[in-house]
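1. Return atomic coordinates for the entry below.
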Amino acid sequence: MQLRAVIFAIGLMIALLGAAMIPSALLDIADGTEQWHVFLISAAISILIGAGLAVLVGGAPPSTGAREAFLLTVMIWIVLPVIATIPFLNYGMSFTDSMFESVSGLTTTGATVMTGLDTTSRGILLWRAILQWIGGIGIIVTAIAILPMLRVGGMQLFQIESSDMSGKFLPRITEITAQTGIVYVIISSVCAISYAACGMSAFDAIAHAMTTMSAGGYSTHDTSFGYFSDTPAAYAATVFMFVAGLPFSLLALMIIHGRWRPMFTDPQPRLYAFLAVGFATVIVVWHEAVVDPPIFNHIFHGFRQALFNIISIMTGTGYASAPYDTWGEPAVVIFLIATFLGGCAGSAACGIKMFRLEISFKAVLAYASQIVRPNRVVRVRYAGRVVSSDTLQSVMVFVFLYLATFIIATILLSMTGLDLLSAISASATSVSNVGPGLGPLVGPSSTFQDIPEVAKWICFITMLMGRLEFVAVFTLMTARFWKG
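-> Numbers count the residues shown, from 1 in each chain. From the prediction side, this is the model:
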C-alpha cells in the first residue's frame, strides 16, 4: 500500500484547512474581538502540521489505487475534524464539545452544542459556516468521484468512466473537483445574493449561503431560520435547500454544458420532489382537517412552513423555521421518516438517498413476485437499465448497515439516560447527518449541549459513520484489506 500517497494528501488537506481559518482571523481583527489571535494561532499550527506531513513523505507518489482511496477517504474525515477543533479549543470549549461541533460541521450534520450565537464573535460563526461549506464540496466530490469507483452502497451505478484505479485516481479527482467546485461556487454566490436581496445582512447572507448549499444548517442565530421569519428569505432558502439535494453532476451539465434534459429525465429528482411536496401536503391537509385550534394562519402559510421544514430535514440541512415537533404526533412521525430518506445521490444531502429507496422498493416487489411465481425471472430496473446482482447486493448491504447502526446507536443513547424519543431522534439525525432531532432535549428549538458527554461521542461517531456511507469504514476493519 502506498501510505506515502495517503499521508501526503492528508497533509495537503490539513494545510488547506489551516488556510481556511484566515478569513475568520481577519474578521475578528476587523471587529476588534478580544480573542482575535485565536484563528491566527490555529491557522499557523494547522498549516505547519499539514506542510510537515507533506514534506515528511517527500512529495506525492506517482499513483494511487483502490486500497489507498478507501484509507484516504476514511482518514480525511477523521483527521480533519480533529484539526478543526483547534479554534474551538482556543475559544475555551471542552475537547468533547469541540469535536462534536467540528464533526457536525464537516459532515454537514448541523447539530450544535453552542448557545448564545447572537452574541458570539463573528469569527467563530464564520468558521462554523466555512467548515460546512468545505464539508459540502468534500461530500459531493466523494459521492461523484470516489464512492462509484469503490463500489460503495450501489454508487457504482453512477460511474462516469472505467473503474480502473491504477494511476488514474488523483487526475480524475482533480478534474471532477474543478467542475463541481465551479458549480458549487456559482450556486453559493447566487444563494448569498438572493439572501441579501431578501433582507439579510451581508454577513448573514454569506454564512447562510455556505450552510444552505452544503446542506449543513449552521445558523448565526439561536432561533435558526426563525430569526428571518418576517423576511422573504424563507422562500429563497426553500429553493436553494432543494437545489442542494439535487445531483451536482446534473447541475454541472445544466450550468456548464447547457444540457437541461438529464435533470428532468433522471428518476431521482422526480422522486425527491414528489416526496417533499407529498409530505408537506399531508401535514397541511391533516392540520386543516383535524387540528383545533389551528397552528397555521392559513393554508398557504401552512404549506410554506411545512415545505420549508420537510426539505430542510430531507436534505439534512436542519434549518428550523418553526418548532415542528409541536405540530402533533402525525407530523412528528412524518418528520422522523423524512430524516431517513435524504436527497439524491451526488448531492450535498444525506440519508439513504432516492436511488436506493427506489431500487429497494423494486427489489421487494421482485422478490414478492418470485414467491408467487417461482419459475419467473424478475429483473430489477433503474433508469431503464437492469440493476446487476452486484449493485443490488451493495444497496441491500448499505441499507442493512444503515438501519443496524441506527438501532445500535439508539440503544446506546438510551443507556446514557436519554428518553426514548430523544434517543431515537438523536440517533436518526446523527446517522442521517440531519441536525435537529425531536422532543424538548434535541428538538428544533434545542441544542445537544445538555445531553451527557458519552452521548455526544456516540452521536458524532455515528455522524462519521453515516457520512462515510458505512461500507468504507467496515472495509477498513477487515483483515483482508490490510493484507491486500
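2. Now the residue nearest to the spatial centre of the chain: closest residue in space that isn't a chain neighbour?
-> Most central in the chain under CA atoms, centre = their mean is Thr108, positioned 4.2 Å from the mean C-alpha point. Of all residues not flanking Thr108 in the chain, Gly216 sits nearest, at 4.0 Å (CB to CB, 6 or more residues apart in numbering). Quick note: C-beta positions are derived from backbone N, CA and C, even for glycine.
3. In contact with that neighbour, which residues are there?
-> Neighbouring residues of Gly216 by CB atoms under 8 Å, 6 or more residues apart in numbering: 105, 108-110, 129, 132-133, 135-136, 210, 317-318, 435.
4. mind checking the SS state of it?
-> Taking DSSP: H, G, I helix; E, B strand; the rest coil as the rule, one finds Gly216 in the coil state.
5. so the residue nearest to the centre of the chain touches Gly136, yeah?
-> Yes - using CB atoms under 8 Å, Thr108 is in contact with Gly136, at 5.6 Å.
6. Now for the protein, the helix or strand with the poorest mean pLDDT.
-> Least confident helix or strand, the chain: helix 147-150 with a mean of 66, by mean pLDDT, DSSP states H and E.
7. got any ranges where the stretch 101-250 of the chain has weak pLDDT?
-> By pLDDT under 70, the low-scoring segments of the stretch 101-250 of the chain are 145-174, 176.
8. which residue ranges form the helices in it?
-> Assigned by DSSP state H, counting those that start in this stretch, the helices in the stretch 101-250 of the chain fall at 122-141, 147-150, 169-197, 202-213, 233-244, 248-255.
9. For those helices, give me TSV that also has mean neighbour count.
-> As requested, the helices of the stretch 101-250 of the chain are exported to TSV (neighbours: other CB atoms under 10 Å):
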stretch	mean neighbour count
helix 122-141	25
helix 147-150	22
helix 169-197	17
helix 202-213	24
helix 233-244	22
helix 248-255	21
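10. where along the protein do the strands fall?
-> Under the criterion DSSP state E, strands of the chain are mapped to 381-382, 385-386.
11. Mean neighbour count, those strands: which tops it?
-> Mean neighbour count (mean count of other CB atoms under 10 Å) peaks for strand 381-382 among the strands of the chain, with a mean of 16.
12. what is the mean pLDDT for that strand?
-> Averaged over strand 381-382, pLDDT sits at 87.
13. Tally up the residues packed near Phe88, please.
-> 25 (other CB atoms under 10 Å).
14. Quick check: most distant residue from the centroid of this protein.
-> What lies farthest from the middle of the chain is Asn375; by CA atoms, centre = their mean that is 42.9 Å.
15. Can you give me every residue that contacts that one?
-> With contacts taken as CB under 8 Å, 6+ apart, Asn375 has no neighbouring residues.
16. Please renumber the chain so that the first residue is 26 from this point on.
-> Happy to do that; since the first residue is 26 now, the last one works out to Asn400.
17. Next, count neighbours for Gly341.
-> Counted with other CB under 10 Å, the neighbours of Gly341 add up to 34.
18. same question but for Ile433, I mixed them up
-> Burial of Ile433 is recorded as 15 neighbouring residues (other CB under 10 Å).
19. ditto for Ile396
-> Neighbour count for Ile396, taken as other CB under 10 Å: 8.
20. Against Val402, how distant is it?
-> From Ile396 over to Val402 the distance is 14 Å, taken as CB to CB, to the nearest Å.
21. Val456 reaches Ala429, doesn't it?
-> No - applying CB under 8 Å, one finds Val456 not in contact with Ala429, separated by 10.0 Å.
22. Show me which of these two is the more surrounded one.
-> Per other CB under 10 Å, whichever of Val456 and Ala429 has more neighbours is Val456, with 31 against 12.
23. Identify the residue spatially nearest to that one, adjacent ones excluded.
-> Nearest residue to Val456 in three dimensions, chain neighbours excluded: Gly491, at 4.4 Å (CB to CB, 6+ apart).
24. and what of Thr58?
-> Take Thr58 and drop its neighbours on the chain: the residue closest to it by CB to CB, 6+ apart is Ser146, 4.7 Å away.
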